[in-house]
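A.B. asks: Give me coordinates for this.
(one chain, ligands or ions: 1)
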Amino acid sequence: MSDAANRPHVRTQAVWAGEGGVFMGRATQVPVVHSVSFGYDDLDEWKAASLGEVPGHIYGRNTNPTVAVFEEKVRVLEGAEAATSFSTGMAAISDTLFTLLEPGQRVVSVVDTYGGTNRMFSEFLPRVGVEATLCPTADHDAIEAAIDEAPRVLYLESPTNPTCKVLDLARLAARARSKGAIVVVDNTFATPINQHPLELGAHLVLHSATKFLGGHADALGGVVAGDKDLVESIFRRREITGATLHPEAAYLLLRGMKTLALRVERQNANAMTVARWLAARPEVADVFYPGLESHPGHDVAKRQMPGGFGGVLSFQLHGDFDVVKRFLPRLRWAHRAANLGAVETVVAPPATGSHVELTAAERAALGIPETLVRYSCGIEDVNDLIADLAQALEASRRGA
Ligand SMILES: *Cc1c(COP(=O)(O)O)cnc(C)c1O
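C.D. replies: A predicted model of the protein is given here:
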């Protein structure tokens, strides 16, 4: 985000936001406070802190000083009034949905949401009498028609997993606001370096911090930021459901976030170069990346992702799944794993990863080819990534 005179650039905020406190022994780095409880000699002060009338931590399930710095950094990066954190991204998503939705109410979303989120819509919300209307992902007319039936919540992701479809967040948020719906956006794929859903009209933005925010695939976490009253009500639930972010994880995520801008800028650049290169390869049937001019969502992405198009792309190989089986093990510079957004490149075919529980026919119905490969660019040198892809593609074509 290139910003007005008095707000520092997001690159500066990633390093400094939340870090200004006076910590034990005048430490310049945020300490990991493992203490479960926080003691008060003055009973009046204890009571006031318990009631939230004065600042102060009481018990680790509720708040913790290390965790609070993590929340503050995300709050600033997302330009939000408030933020609260969770043990995982799915805890953030499920606590948010269960807080906002009551029996008899409806949520509108798209079919291409993250797998766990999709299970919320198909299984856990219907069980408590909440109906989910899942629209074809890039069909804005269908989504608007569903919004016009006045749901309580509009829940969006952009770009989506695994085929990197783009939703026009400003357009859909405006429509939802006109109908009185609460707009929630999962910004995990885009990151606050590339996209600011709150500026585009969302009430709440959430993240699996496990991915790009942490960036090192060594800590789970989740976070919700946005409207103060909504965040407060979600926090009140999380205090009780207990899906609290661990201080050690908060520290790892904070440490990762200092380099968020550096990493994401490199990952954006790597993904753009890799996508262009793959698009010209004979072994590749299709490349899905919003940065490509041929992508149907390119114009919208250019407008709503001023920082870049993200580090994740996917591509379809010619042939059958045996080609994928030959290709993937050949990659030298990639983990074959169910993750994304890490400093290392991570690859996974949806057929064995994110969409493994579906049949081939169900994947086809979602527009997910059997030979699709999701490629989450790390921060490696892009020439090494391309050389690696080249040798693996050639070997898989030879049938080696
Ligand atoms: C990974 C992911 C989640 C879930 O996050 P966890 O930290 O694994 O619980 C939610 N949304 C998106 C887009 C994700 O990639």
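A.B. asks: which other residues reach the longest helix along the chain?
C.D. replies: The helix of greatest length in the chain, counted in residues with DSSP state H as the criterion, is given as helix 260-279. For helix 260-279, the surrounding residues in contact (Cβ atoms under 8 Å, 6 or more residues apart in numbering) are 10-11, 14, 77, 191-194, 212-213, 215, 284, 287, 289, 291-292, 294, 307-313, 315, 341, 343, 375, 377-380, 382, 385-386, 389. (Glycine included, C-beta is placed from N, CA and C.)
A.B. asks: from those residues, which are also near the ligand?
C.D. replies: With respect to the ligand, and counting by Cβ under 6 Å from any ligand atom, no part of those is in contact.
A.B. asks: What about these, which are in helices?
C.D. replies: By the criterion of DSSP H, membership of the contacts of helix 260-279 in helices covers Val10, Arg11, Ala14, Leu77, Thr191, Pro192, Ile193, Asn194, Val382, Leu385, Ile386, Leu389.
A.B. asks: so Arg336 makes contact with Leu328?
C.D. replies: Yes: between Arg336 and Leu328 there is a contact under Cβ atoms under 8 Å: 5.6 Å.
A.B. asks: Looking at those two, which is more packed in?
C.D. replies: With other Cβ atoms under 10 Å as the criterion, Arg336 and Leu328 differ in neighbour count, and Leu328 comes out ahead with 18 against 13.
A.B. asks: Quick check: the more buried one touching Val373?
C.D. replies: Yes: checked against Cβ under 8 Å, the pair Leu328 and Val373 is within contact range at 7.0 Å.
A.B. asks: what do the two both touch?
C.D. replies: When Cβ under 8 Å, 6+ apart defines a contact, the residues bordering Leu328 and Val373 alike are Val347, Pro349.
A.B. asks: Name the residues contacting each of Arg336 and Leu328.
C.D. replies: With Cβ under 8 Å, 6+ apart applied, the overlap between the contact sets of Arg336 and Leu328 consists of Val347.
A.B. asks: returning to what we had before: list the buried residues in the longest helix of the chain.
C.D. replies: For helix 260-279, burial by neighbour count (16 or more other Cβ atoms under 10 Å) applies to 260-261, 263-275, 277-278.
A.B. asks: close enough to count as contact, Glu131 and Arg106?
C.D. replies: Yes: with contact taken as Cβ under 8 Å, Glu131 and Arg106 are classed as touching, separated by 4.7 Å.
A.B. asks: Can you spell out which residues form a bridge with Val223?
C.D. replies: Ser85, His207 (DSSP bridges).
A.B. asks: So what's the residue count around it?
C.D. replies: The burial count for Val223: 28, using other Cβ under 10 Å.
A.B. asks: List the contacts of it.
C.D. replies: Remark: with contacts taken as Cβ under 8 Å, 6+ apart, Val223 is in contact with Phe70, Glu71, Val74, Ala83, Thr84, Ser85, Phe86, Ala92, Leu206, His207, Ala209, Leu213.
A.B. asks: what's the answer for Leu125, then?
C.D. replies: Leu97, Leu101, Val107, Glu131, Ala132.
A.B. asks: Could you work out the most separated pair of the residues you listed?
C.D. replies: With distance counted by Cβ to Cβ, no two of the contacts of Leu125 lie farther apart than Leu97 and Glu131, which are 12.5 Å apart.
A.B. asks: follow-up on the earlier one: between the contacts of Val223, which has the most around it?
C.D. replies: Across the contacts of Val223, the neighbour count under other Cβ under 10 Å reaches its highest value at His207, namely 33 neighbours.
A.B. asks: show me the contacts for Leu204.
C.D. replies: Contact partners of Leu204, counting by Cβ under 8 Å, 6+ apart, are Thr96, Ile182, Val183, Val184, Val185, Val224, Ala225, Gly226, Asp227, Leu230, Val231.
A.B. asks: repeat that with 10 Å
C.D. replies: Under the criterion of Cβ atoms under 10 Å, 6 or more residues apart in numbering, the neighbours of Leu204 are 78, 80, 82-83, 92, 96, 100, 153, 155, 182-186, 197-198, 224-227, 230-231, 234.
A.B. asks: overlap in contacts of Glu131 and Arg106?
C.D. replies: Looking at what touches both Glu131 and Arg106 (by Cβ under 10 Å, 6+ apart), the common residues are Leu125, Pro151.
A.B. asks: quick one, strands of the chain?
C.D. replies: For the chain, the strands identified by DSSP state E occupy 82-86, 106-110, 131-135, 153-157, 182-186, 204-208, 222-226, 284-288, 312-317, 335-336, 346-348, 372-376, in order along the chain.
A.B. asks: list the helices and strands the last one packs on?
C.D. replies: Same thing as strand 372-376. Using 3 or more Cβ pairs under 10 Å, 6 or more residues apart in numbering; DSSP states H and E as the contact test, the elements touching strand 372-376 are helix 260-279, strand 284-288, strand 312-317, helix 321-327, strand 346-348.
A.B. asks: In PDB, list the C-alpha atoms belonging to it.
C.D. replies: Coordinates of the C-alpha atoms in strand 372-376 are reproduced here as PDB (Å, rounded to 0.1, in the frame of the first residue of the first chain):
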ATOM      1  CA  LEU A 372      -3.600 -29.700 -11.600                       C
ATOM      2  CA  VAL A 373      -0.600 -28.800  -9.500                       C
ATOM      3  CA  ARG A 374      -0.700 -26.000  -7.000                       C
ATOM      4  CA  TYR A 375       2.600 -24.300  -6.800                       C
ATOM      5  CA  SER A 376       3.300 -21.900  -3.900                       C
END
